[in-house]
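Colleague: sequence first, predicted coordinates after that:
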Amino acid sequence: MSKGGFTLLSNTQNQALYELQKELWGYAEPGFLEHRSAAAMSKFLRQEGFTVTEGICGMETAFVGVWGSGHPVICLLAEFDALYGLSQEADVSEYKPIEGVATGHGCGHHLLGTGSIAAAMMVKDYLEKNKLSGTIKMVGCPAEESGSGKAYLARDGFFDDADAAITWHPSTLNVVSSGSNQSCIQCYFRFHGVSSHAAGNPEAGRSALDAVELMSVGVNYLREHMDSKERVHYAYTNAGGISPNVVQAEAEVKYLVRSTTNPKCQKLYERVINIAKGAAMMTGTTCDVIFDEGLSNVIPNFTLEQVLEDAFFKVGVPAYTEAERAYAKQFRDTYPLEPESEVTAVIAEPKALIANIQNSDICDIILRHRCVDECSMGSTDVGDVSWVVPTAQINTACYSYGAGGHTWQWVAQGKSTLAYKGMMLAAEVMAQAVEACFEHPEIIEKAKAEFEERLAGQAYECLIPKDVKPHIIQ
Ligand SMILES: [Zn+2]
Ligand SMILES: [Zn+2]
């Protein structure tokens, strides 16, 4: 029978990893505040014989655990930040926030971090046993959800000596990722006007709130004249106070602009800036643009994707008990799911997926993936890594079918054995793929040649300006 991720480490190590992910689930720390999580992961890596450096590239909660020497240098990426607004009791199949807790692991990054550590341990054992040269780096990447942790690592040259980077994400499916994700820029537009009595002396006032509203109108007219794969989102972060009888002297709006490539994203961002300038002119206010975050699009690497898919089939899926299947059903029942909605361009055999969704409450097959170039909506800071080193990712089923990421259902299932099995599956698939790269250096050469061909001479230009330092995103 397939062991699906439990063949490479000792029972004691497997148990310790089970405990580590539960510990991180309990901390549930948001971006750049992951102090306890980073400390626990660093300590764990040290105990496993890795040389750990904490606080890299100006980020207190970024760290790296290194084992081995020389090339190839292969990085395993680990995320571990949580989300606000997703407090939830574990194992309860109804929405039930934990009193006094504001955050939760709704994207499964406690598993992501621990799973990448597990993979690094497996690779270390392999290098040791086979007396191979080469370096494995377990990179603790903070603030994925908000903060752009990996973009700072890439911008500041952390990956410059790396030959490949591999990562994964907890999911409801077992499938290799492919294609791209959007570039994005997030910033604040802060308008400054003049306050006055809104009835008695309105002619003396200049409303910053009017400027914010006119900016929204302008951007909403822009929408028809931008690429259909571009997105612009906004949120009012300061509406100028609660008094309608005071002309609002200060108001602020936050914008998130997305496009398929960095240059296109920059251009769209400039168009939005021009609209802000127009709104300021119309209202007699001034506007400051405060840069917040920027992420690059993903450069896929089909060579590494294929190595990961081969490893997936070699490892196989875990066996699930009847109790685990009943547990999965409870959660699936909380969320309606049209099987067809799970089919994306990456799924090579849609019928196999739809049949599995109809017959099982957890994905218990490996789905073949299609190598695609197309851009999916949404952004990830893995994009910046993929611009400086050949990078590929997988997804493994850690949760029942039904709800997707950023839901209370994912938080609730986060400490279950289902989640743990998905995590260990990811670890072993990544480890087998990395081992294949160490054993066959020609894989790395091929991945690098593909990488160069895709970039076609374009240099990586991080969307975050050099003078912007890592900071907490509200
Ligand atoms: Zn997320
Ligand atoms: Zn995530």
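Modeller: Great, that's in hand. Ligands and ions are numbered 1, 2, ... in the order given.

Colleague: correct me if wrong: V194 contacts V247.
Modeller: Yes: contact criterion Cβ atoms under 8 Å: V194 and V247 qualify, at 7.1 Å. (Each C-beta comes from the backbone N, C-alpha and C, glycine too.)

Colleague: residues shared between the contacts of these two?
Modeller: G205, R206 (Cβ atoms under 8 Å, 6 or more residues apart in numbering).

Colleague: the more surrounded of those two?
Modeller: V247 (23 against 14; other Cβ atoms under 10 Å).

Colleague: how many other residues sit next to G26?
Modeller: 14.

Colleague: no no, P263
Modeller: Counted with other Cβ under 10 Å, P263 comes out at 12.

Colleague: with R258 instead?
Modeller: 25.

Colleague: also Q358?
Modeller: Quick note: Q358 (other Cβ under 10 Å) scores 9 neighbours.

Colleague: how close does it get to G422?
Modeller: Separation of Q358 from G422 (Cβ to Cβ, to the nearest Å): 21 Å.

Colleague: same check on A459?
Modeller: 37 Å.

Colleague: so which of the two has more stuff around it?
Modeller: G422 (31 against 6).

Colleague: my read is that one is in a helix, agree?
Modeller: Yes: if the criterion is DSSP: H, G, I helix; E, B strand; the rest coil, then G422 is within a helix.

Colleague: go ahead and confirm it touches I394.
Modeller: No: using Cβ under 8 Å, G422 makes no contact with I394, being 10.8 Å away.

Colleague: so how far is Q248 from the residue sitting furthest away from the middle of the chain?
Modeller: Counting by Cα atoms, centre = their mean, the extreme residue of the chain relative to its mean C-alpha position is G200, 51.6 Å from that point. Counting by Cβ to Cβ, the gap from G200 to Q248 is 16 Å.

Colleague: check N262 too.
Modeller: 35 Å.

Colleague: same check on G157?
Modeller: From G157 to Q248 the distance is 44 Å (Cβ to Cβ).

Colleague: higher neighbour count, those two?
Modeller: Q248 (25 against 10).

Colleague: my read: that one touches R206, true?
Modeller: No: in this structure, Q248 is not within contact of R206 by Cβ under 8 Å, at 9.4 Å.

Colleague: what's the overlap in contacts for those two?
Modeller: By Cβ under 8 Å, 6+ apart, the residues touching both Q248 and R206 are G193.

Colleague: just the CA atoms of stretch 174-194, as CSV, please.
Modeller: The C-alpha coordinates for stretch 174-194 follow below in CSV (Å, rounded to 0.1, in the frame of the first residue of the first chain):
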residue,chain,number,x,y,z
ASN,A,174,-3.0,16.9,-5.2
VAL,A,175,-1.5,18.6,-8.3
VAL,A,176,1.6,20.4,-9.5
SER,A,177,1.1,24.2,-10.0
SER,A,178,1.7,25.8,-13.4
GLY,A,179,1.2,29.1,-15.2
SER,A,180,1.7,32.6,-13.9
ASN,A,181,0.2,34.9,-11.3
GLN,A,182,-0.3,38.6,-11.5
SER,A,183,2.2,41.3,-10.6
CYS,A,184,0.8,43.8,-8.2
ILE,A,185,1.4,47.2,-6.5
GLN,A,186,-0.4,48.4,-3.4
CYS,A,187,-0.2,52.0,-2.2
TYR,A,188,-2.0,54.7,-0.2
PHE,A,189,-3.3,57.9,-1.7
ARG,A,190,-3.4,60.4,1.0
PHE,A,191,-5.3,63.7,0.2
HIS,A,192,-4.8,66.9,2.1
GLY,A,193,-7.4,69.7,1.9
VAL,A,194,-8.7,72.5,4.1
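
Colleague: OK, contacts around T61?
Modeller: So T61 contacts F32, L33, E34, H35, S37, A38, G55, G140, P142, A143 (Cβ under 8 Å, 6+ apart).

Colleague: rerun that using 10 Å as the cut-off
Modeller: Contact partners of T61, counting by Cβ atoms under 10 Å, 6 or more residues apart in numbering, are 29, 31-39, 41-42, 54-55, 80-81, 140-143, 147, 149, 470.

Colleague: can you pull the buried residues of stretch 425-436?
Modeller: L425, A426, A427, E428, V429, M430, A431, Q432, A433, V434, E435, A436 (16 or more other Cβ atoms under 10 Å).

Colleague: for the first one, which three-state class applies?
Modeller: Secondary structure for L425, judged by three-state DSSP, is helix.

Colleague: count the neighbours of the residue lying closest to F6 once chain neighbours are set aside for me.
Modeller: Of all residues not flanking F6 in the chain, M424 sits nearest, at 5.7 Å (Cβ to Cβ, 6 or more residues apart in numbering). Neighbours of M424 under the rule other Cβ under 10 Å: 31.

Colleague: M424 reaches L9, doesn't it?
Modeller: Yes: M424 lies in contact with L9 (Cβ atoms under 10 Å); the separation is 8.4 Å.

Colleague: how is this protein carved up into domains?
Modeller: 11-180+297-455, 183-295 (automatic domain parsing).

Colleague: so which of those is nearest K466?
Modeller: domain 11-180+297-455 (7.7 Å; Cβ to Cβ).

Colleague: for stretch 181-201, measure first residue to last.
Modeller: Start and end residues of stretch 181-201 are separated by 50 Å (Cα to Cα, to the nearest Å).

Colleague: which stretch of helix or strand covers the residue farthest from the centre of the chain?
Modeller: Per DSSP states H and E: G200 is located in neither a helix nor a strand.

Colleague: and if you look at E309?
Modeller: Using DSSP H and E, E309 falls in helix 302-315.

Colleague: contact partners for L76?
Modeller: 65, 115-120, 122-123, 136-139, 164-168, 427, 430-431, 434.
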